[in-house]
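no sequence for this one, just the structure:
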């Protein structure tokens, strides 16, 4: 057991899961250079976001992620009562996020994805594998939440109606295929190939971008922008990924394209955070079991 996991074994399960969720958001924000996204270099394609704001937003969500894990422990199974409990906690989390960011949407999609995964992880610590957790999250996402607004009018919802594509809700209902089929396998391949952790995480982000119908990009740049994102991400990976010289050149070209289009792959960033959460989950939960 690592020293960090040994310390986490002294925390409650809900506290550990909230820590993991917030750390995943902060590590996603810090990862650099990300095409079109806020990172350590600057604000990317955004005019209203910066790295400090992303950190403050992530930290503000800790209590909400803990509450979702607590709700899962109280209900003990996937059912409508749990779905509605985490739905209300998620809406309260959005209010707190917007208070901290003075009205800027930093992590709405991440609250949805990581909230579901946090609750799903808490439901059964003895099956912490990514496929098990995402399937439980999907079962939750498929349930109706009577407390949810009848008409969703977010940018993502509008784009889904306009283009007839699936968004964050459907990605969760399908058990996060961009995470389990794209990001996590690519993360491991890049690590096995000696890419180094930061490059491996960048490769995982790009793997998500190759297939995701990112509604953040669609909203800002339409279908041409989405094609540019997907094709550009694919080109980086085909050139050898972010640890290769040609891959870095292609990454720079993709970044320039996203900046030119004022497009930021925020949906892909949320799913990278979900991937980092799941990647770290198993050893943390094993440490929790061992401490009982």
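Arrived safely. Computed from a predicted structure; not experimentally measured. Numbering: from 1, shown residues only.

State the three-state secondary structure for the nearest residue to residue 232 once chain neighbours are set aside.
Leaving out its chain neighbours, the residue that sits closest to residue 232 by Cβ to Cβ, 6 or more residues apart in numbering is residue 254, at 3.5 Å. Bear in mind the C-beta positions are built from the backbone N, C-alpha and C, glycine included. What DSSP: H, G, I helix; E, B strand; the rest coil gives for residue 254 is helix.

need the contact list for residue 254.
35, 228, 229, 232, 233, 235, 236 (Cβ atoms under 8 Å, 6 or more residues apart in numbering).

Quick one: residues contacting residue 217.
Per Cβ under 8 Å, 6+ apart, neighbours of residue 217: 225, 226, 229, 258, 261, 263, 264, 265, 267.

repeat for residue 260
Residue 260 touches nothing, counting by Cβ under 8 Å, 6+ apart.

One more: residue 255?
So residue 255 contacts 33, 34, 35, 36 (Cβ under 8 Å, 6+ apart).

Same question for residue 28.
269, 272, 273, 276 are the contacts of residue 28 under Cβ under 8 Å, 6+ apart.

Mind doing that once more with 10 Å?
Counting by Cβ atoms under 10 Å, 6 or more residues apart in numbering, residue 28 touches 34, 37-39, 54, 58, 107, 110, 201, 205, 268-277.

Residue 42 and residue 48, how far apart?
Separation of residue 42 from residue 48 (Cβ to Cβ, to the nearest Å) stands at 13 Å.

any common contacting residues for these two?
Counting by Cβ under 10 Å, 6+ apart, nothing touches both residue 42 and residue 48.

by contact count, what packs against the helix or strand where residue 190 lies?
Taking DSSP states H and E as the definition, residue 190 sits inside helix 184-192. Applying 3 or more Cβ pairs under 10 Å, 6 or more residues apart in numbering; DSSP states H and E, one finds that helix 184-192 contacts helix 130-141, helix 197-211, helix 215-238, helix 266-291.

show me where pLDDT drops low in the stretch 101-250 of the chain?
In the prediction, the stretch 101-250 of the chain carries residues with pLDDT under 70 at positions 151-153.

ok, back up a step: the contacts of residue 28, buried ones only, as a PyMOL selection?
This is the PyMOL syntax for the buried subset of these, where burial follows 16 or more other Cβ atoms under 10 Å:
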select buried, resi 34+37+38+39+54+58+107+110+201+205+268+269+270+271+272+273+274+275+276+277
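
Would you reformat the contacts of residue 217 as CSV and include neighbour count?
Shown next, in CSV, are the contacts of residue 217 (neighbours: other Cβ atoms under 10 Å):
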residue, neighbour count
225, 23
226, 25
229, 30
258, 26
261, 19
263, 26
264, 27
265, 31
267, 26
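
quick one: residue 148 and residue 94 touch, right?
No: using Cβ atoms under 10 Å, residue 148 makes no contact with residue 94, being 11.9 Å away.

any idea how far residue 31 is from residue 155?
Taken as Cβ to Cβ, the span from residue 155 to residue 31 is 23 Å.

Neighbour count for the two, which is higher?
residue 31 (22 against 16; other Cβ atoms under 10 Å).

dump the residue contacts of the more buried one.
Residues counted as contacts of residue 31 (Cβ under 10 Å, 6+ apart) are 37, 39-40, 197-199, 201-202, 204-205, 269, 272-273, 276.
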